[in-house]
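> what's the 3D shape of this:
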Amino acid sequence: MSETAPKAVFLSYASQDKEAAARICAALRAAGVEVWFDQSELRGGDSWDAKIRKQIKECALFVPVISAATQARAEGYFRLEWKLAVDRSHLMADDAPFLFPVVIDDTPDATARVPEKFRDVQWTRLTIKDTPETLAARVGKLLQGHGAGDARQEPAAGRGRSDPRSKPVWARYVWPVIGLLFALIYTVVPRLLPDRHAEPAPAAIAPAAPAPPSVSEARQLVAKARGLIAEIDSTREDFALAEDLLKQALAKDGTDAEVWAELSQLNSRYASRGFDVSNERREAANAAAQRAIRLDPQSFAARFAQVSLLRDSDSALQESEKVLRVLHQERPDDKAVLHALSRVIQKQGRVDEADALYDESARLPGGDPLALYNKSLNLFFLGRTVEAEAAVQAALAQRTFSSALGLSLWYAIVLHGDLDRAKSILDRLPPAALQEDRPCWFACMLHLYRREPDAALEVLHAAPRDWLNDNWYRGPKGRLAADALQQAGRPEAAAIERRAALRLVEAKLAGDGTNFVLLLNRVILLADLGEREEAARQYSALLQLRGLDPAGNKPVPFWLMETGIKLGRKAEVLRQLSLGLKDPSHVVDYTAAQLRLDPLFDPLRGDPEFPKVIAEAEAIEQAVASAPAPAAKAK
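Numbering: from 1, shown residues only. This next block holds a predicted model:
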């Protein structure tokens, strides 16, 4: 911000409150305060638009307008603005005045749908009880010594006055702006509001309580980073900010085991979330965990970081469980430990025990919707789909979040074949969520199932990466775009996308030539491009690498059947589909609804055997749905 044009206030509001926000803005501007308030650009721009970032980064005071309208809306651009402001506040001193929430109706504090950081400061409530004379007296008292012509601030108790010329520009405007907001409370906004029966106490910015002196600056930064990483709908932006905070923490104290332990967790979760699955991330996670253990072998955080690296190794499951049980005894309410222990136990086949631990975490104070979400995923992939759907609904009952909405959307498709219901769930996902890999894939699949290729392309174009990394889909975005273009009757454009996707895969294989996912993507793209002979040759080599034989008498994974369809092996695929349905020990990767709706199966639809396979799947699903006890196979 320049000396001549300070950006004092960012006014953030829901579109339904535009009239109230406009009057507040007009009054502030009339008093000479510059306000960020762009009704055309801010309301309809990209959720991560650089202009919004710049405005929130430069403002001296962030004023979120809270109301019944914000309560009613689970999504909206104002929520992205709130998140950006909270992210900036993490880098500020705890006593720096920045967040100044204003409530324009009787929305209660306790149940307001706002970021937790907003609750760290006192809120301003609007009322019409005071007369202008009373207002003048109160504002005069508040601004005594801090008038618009005097930019100085009163020093804190026990400290000498500082030179006003040494203060940052924003500091010269905070108190005048606060005074103006008080004036607005009693003069401008009352005309917008009905009478209220109670008068709240006079409000001012209340800085968050500073951390106890015993907590080091490095630990304070770790706590802020941990909060960003643990947020249930955390994004790449959150992870990048958390990484910056941890680098600052290391600079302040590189001998603190907890800093290194949190850095290890961050790098591990980069991979588990699919944000960065490179070997470099995994190596960084391991190196940080080892450093933490060397610095303090008894540190809870260091031990947890170390076992977090072991729990994905099948050979170390029992060892991991022992360590995690010790950690759980030390901190019974630690949800991250409960999640890790559940995962380790589930991987050893003790599904019900793992589910019980997820339920235990969900019953802790504040709930744990992520535990119920993880439980749902586990049950779904075990074929216990009735329980899986109940678990995700329980998660959404605790909190509405994007991952659970996406999973609920998928269940609507594959368990019920209800594409309209799935679309209604998709409409509840905020635009920012669709830029993440898993929601993007869910949305793309829904549009392809609904035979809406242009909508699928729109979703894919909004995703800012050319490669999606997720357990549901790991591959080039262009491969999905090509499927949409093919469905839209544009085969030449589809071929261009597939060639570009193949070049991307080849480039990655140059540095990792035995990567199974990359090899599989290459086979599928070659088959889609009509190069079936070469695709079949590479496919055979791929199976040998995994010790699999698609012509055998055992059920095979879904990706084998998917590739078989691409290679035109219809009879083989139909036989494998039926084998999978009839084998009680095998959890199949498809449902009757998928067989009916998925465009992948379009090449099989003219074969008289295909309706029989769908009927088999429906009969099995009906039997499982009516079973009195959980079954090992529900799809």
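> Report the secondary structure state of the residue nearest to residue 613 when sequence neighbours are not counted.
Using C-beta to C-beta, 6 or more residues apart in numbering and skipping residues adjacent in sequence, the residue nearest residue 613 is residue 577, 4.9 Å away. Where you see a C-beta, it was placed from the backbone N, CA and C, and this is true even at glycine. Of the three states, residue 577 takes helix under DSSP: H, G, I helix; E, B strand; the rest coil.
> which non-adjacent residue is nearest residue 558?
residue 589 (3.3 Å).
> before we move on, back to that, I'd assumed residue 561 was in contact with the residue nearest to residue 613.
Yes - counting by C-beta atoms under 8 Å, residue 561 is a contact partner of residue 577 at 6.4 Å.
> how about the helices in the stretch 251-400 of the chain?
257-272, 279-295, 300-310, 317-330, 335-347, 351-362, 369-381, 385-398 (DSSP state H, counting those that start in this stretch).
> would you list those helices in JSON lines and tack on distance to residue 409, mean pLDDT and mean neighbour count?
Formatted as JSON lines, these follow (distance: least, C-beta to C-beta, whole Å; pLDDT from 0 to 100; neighbours: other C-beta atoms under 10 Å):
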{"stretch": "helix 257-272", "distance to residue 409": "22", "mean pLDDT": "93", "mean neighbour count": "24"}
{"stretch": "helix 279-295", "distance to residue 409": "29", "mean pLDDT": "93", "mean neighbour count": "18"}
{"stretch": "helix 300-310", "distance to residue 409": "30", "mean pLDDT": "90", "mean neighbour count": "22"}
{"stretch": "helix 317-330", "distance to residue 409": "32", "mean pLDDT": "93", "mean neighbour count": "16"}
{"stretch": "helix 335-347", "distance to residue 409": "23", "mean pLDDT": "93", "mean neighbour count": "22"}
{"stretch": "helix 351-362", "distance to residue 409": "21", "mean pLDDT": "94", "mean neighbour count": "19"}
{"stretch": "helix 369-381", "distance to residue 409": "13", "mean pLDDT": "92", "mean neighbour count": "23"}
{"stretch": "helix 385-398", "distance to residue 409": "10", "mean pLDDT": "94", "mean neighbour count": "20"}
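> Which one, of the ones you listed, ends up nearest to residue 90?
helix 257-272 (14.4 Å; C-beta to C-beta).
> Throw the helices of the stretch 251-400 of the chain into a markdown table and include distance to residue 473, thanks.
Compiled in a markdown table, these are given as follows (distance: least, C-beta to C-beta, whole Å):
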| stretch | distance to residue 473 |
| --- | --- |
| helix 257-272 | 16 |
| helix 279-295 | 20 |
| helix 300-310 | 25 |
| helix 317-330 | 27 |
| helix 335-347 | 21 |
| helix 351-362 | 25 |
| helix 369-381 | 15 |
| helix 385-398 | 19 |
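> For residue 19, which of the ones you listed is the nearest?
helix 385-398 (33.2 Å).
> Kindly spell out which helices and strands sit in contact with the closest one.
Secondary structure elements in contact with helix 385-398, counted by 3 or more C-beta pairs under 8 Å, 6 or more residues apart in numbering; DSSP states H and E, are helix 369-381, helix 402-414, helix 610-625.
> change it to 6 Å
helix 369-381, helix 402-414 (3 or more C-beta pairs under 6 Å, 6 or more residues apart in numbering; DSSP states H and E).
> who's in contact with the longest strand along the chain?
Ranked by number of residues, the top strand in the chain under DSSP state E is strand 61-66. Strand 61-66 has contacts (C-beta atoms under 6 Å, 6 or more residues apart in numbering) with 9-13, 17, 21, 82, 85, 98-103, 107, 112, 174, 177.
> Stretch 558-567 now?
523, 524, 527, 532, 536, 539, 550, 572, 573, 576, 589, 603.
> Kindly report the same for stretch 526-535.
498, 523, 566, 567.
> Could you pick out which of those residues are located in helices?
498, 523, 566 (DSSP state H).
> pLDDT and distance to residue 52 for these - can I get that in a markdown table?
As requested, the ones in helices among the contacts of stretch 526-535 are exported to a markdown table (pLDDT from 0 to 100; distance: C-beta to C-beta, whole Å):
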| residue | pLDDT | distance to residue 52 |
| --- | --- | --- |
| 498 | 97 | 36 |
| 523 | 96 | 43 |
| 566 | 92 | 43 |
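> Could you look up the SS state of residue 112?
Applying three-state DSSP: residue 112 is coil.
> about what we covered before: any idea which of the helices of the stretch 251-400 of the chain gets closest to residue 508?
Of all the helices of the stretch 251-400 of the chain, helix 279-295 sits nearest to residue 508, with 12.2 Å by C-beta to C-beta.
> Show me the strands in this protein, by range?
9-12, 35-36, 61-66, 102-103, 124-125, 467-469, 474-476.
> Rounded mean pLDDT for the last one, please.
Per-region confidence: strand 474-476 scores 95 on mean pLDDT.
> can you check the second one too?
pLDDT averaged over strand 35-36 equals 80, rounded to a whole number.
> which neighbours does it have in its sheet, and in what orientation?
Note on strand 35-36: by DSSP bridges, its sheet partners are strand 9-12 (parallel).
> before we move on, the earlier item: now a ChimeraX select for only the buried ones of the contacts of stretch 558-567.
Only the buried entries of the contacts of stretch 558-567 go into this ChimeraX selection, using 16 or more other C-beta atoms under 10 Å:
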select :523,524,527,532,536,539,550,572,573,576,589
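> ok, now how distant is residue 460 from residue 387?
33 Å (C-beta to C-beta, to the nearest Å).
> circling back: dump the ones in helices among the contacts of stretch 526-535 into JSON lines; add distance to residue 403 as well.
Shown next, in JSON lines, are the ones in helices among the contacts of stretch 526-535 (distance: C-beta to C-beta, whole Å):
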{"residue": "498", "distance to residue 403": "30"}
{"residue": "523", "distance to residue 403": "30"}
{"residue": "566", "distance to residue 403": "30"}
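> Closest to residue 56 out of these?
Looking across the ones in helices among the contacts of stretch 526-535 and measuring by C-beta to C-beta, the closest to residue 56 is residue 498, at 40.7 Å.
> my read: the closest one touches residue 525, true?
Yes - Residue 498 is within contact range of residue 525, at 5.4 Å (criterion: C-beta atoms under 6 Å).
> List the contacts of stretch 353-369.
333, 335, 338, 341-342, 345-346, 371-372, 375, 395, 398-399.
> which of those residues sit farthest apart?
Of all pairs drawn from these, the greatest distance, 24.7 Å, lies between 345 and 399 (C-beta to C-beta).
> So which of the contacts of stretch 558-567 belong to helices?
Those of the contacts of stretch 558-567 mapping onto helices are 523, 524, 527, 532, 536, 539, 572, 573, 576, per DSSP H.
> so the first one touches residue 538, yeah?
Yes - using C-beta under 6 Å as the test, residue 523 is close enough to residue 538 to be in contact (5.2 Å).
> and of the helices of the stretch 251-400 of the chain, who's closest to residue 450?
Counting by C-beta to C-beta, and looking across all of these, nearest comes helix 385-398 at 20.8 Å.
> Just the CA atoms of the closest one, as PDB, please.
Below are the C-alpha coordinates for helix 385-398, written out as PDB (Å, rounded to 0.1, in the frame of the first residue of the first chain):
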ATOM      1  CA  THR A 385     -22.200 -50.700   1.100                       C
ATOM      2  CA  VAL A 386     -25.300 -50.400   3.300                       C
ATOM      3  CA  GLU A 387     -23.200 -49.700   6.300                       C
ATOM      4  CA  ALA A 388     -20.900 -47.500   4.200                       C
ATOM      5  CA  GLU A 389     -23.700 -45.200   3.100                       C
ATOM      6  CA  ALA A 390     -25.000 -45.000   6.700                       C
ATOM      7  CA  ALA A 391     -21.500 -44.000   7.800                       C
ATOM      8  CA  VAL A 392     -21.100 -41.100   5.300                       C
ATOM      9  CA  GLN A 393     -24.500 -39.800   6.200                       C
ATOM     10  CA  ALA A 394     -23.500 -39.800   9.900                       C
ATOM     11  CA  ALA A 395     -20.300 -37.900   8.900                       C
ATOM     12  CA  LEU A 396     -22.500 -35.300   7.100                       C
ATOM     13  CA  ALA A 397     -24.700 -35.000  10.100                       C
ATOM     14  CA  GLN A 398     -21.700 -33.900  12.200                       C
END
